[in-house]
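In: I would like the atomic coordinates for the input below:
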Amino acid sequence: MTTETRELFVKGMTCAACARRVERAVKEIEGLRDVEVELSTGRVRFQLNGGTPTSEIVQAIERAGYTVQPGAAS
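Out: Take a look at the predicted model:
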């Protein structure tokens with residue numbers, strides 16, 4: 001199984017509680033590991049195991065109340 005690192009940039013995080021909320025939302029997705037949320041830059045970095053689609057991660061972040069910046073996936 002391949003592992004790849006990806007980043008998303010999230011708008012709307014204003015405090016440490018926001019960053020924790022995003023981190024919890026992303027960590028609930030099966031197949032992800034090593035989730036890091038950086039409040040100051042709005043960056044969420046994670047490793048994927050297998051074929052978890054990025055759209056699933058974006059949806060989890062949006063359900064938590066935040067917006068992923070368009071074109072900000074890598």
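In: Going by C-alpha atoms from here, please, whenever you check contacts or count neighbours.
Out: Noted.
In: Would you check how far apart Phe5 and Val26 are?
Out: Careful, residue 5 is Thr and not Phe. Look at Thr5 and Val26: by CA to CA, to the nearest Å, they are 14 Å apart.
In: Looking at these two, which is more packed in?
Out: Shown here are Thr5 and Val26; by other CA atoms under 10 Å, Val26 has more neighbours (24 against 14).
In: backbone phi and psi for that one, please?
Out: Main-chain dihedrals, Val26, degrees, to the nearest 10: phi -70, psi -40.
In: you'd agree it is up against Ile61?
Out: Yes - assessed by CA atoms under 8 Å, Val26 is found in contact with Ile61 at 6.8 Å.
In: Mutual contacts of the two, please.
Out: Shared contacts of Val26 and Ile61 (CA atoms under 8 Å, 6 or more residues apart in numbering): none.
In: Got the confidence number for Pro70?
Out: Looking at Pro70, its pLDDT is 68.
In: To clarify, my last question referred to Ala64.
Out: pLDDT, Ala64: 97.
In: what do you get for the one 10 residues further on?
Out: The pLDDT attached to Ser74 in the predicted structure is 51.
In: Please list all residues in contact with the residue nearest the centre of the chain.
Out: Among the residues of the chain, the one closest to the centroid is Val44, at 4.6 Å (CA atoms, centre = their mean). Val44 makes contact with Glu7, Leu8, Phe9, Val10, Val35, Glu36, Val37, Glu38 under the criterion CA under 8 Å, 6+ apart.
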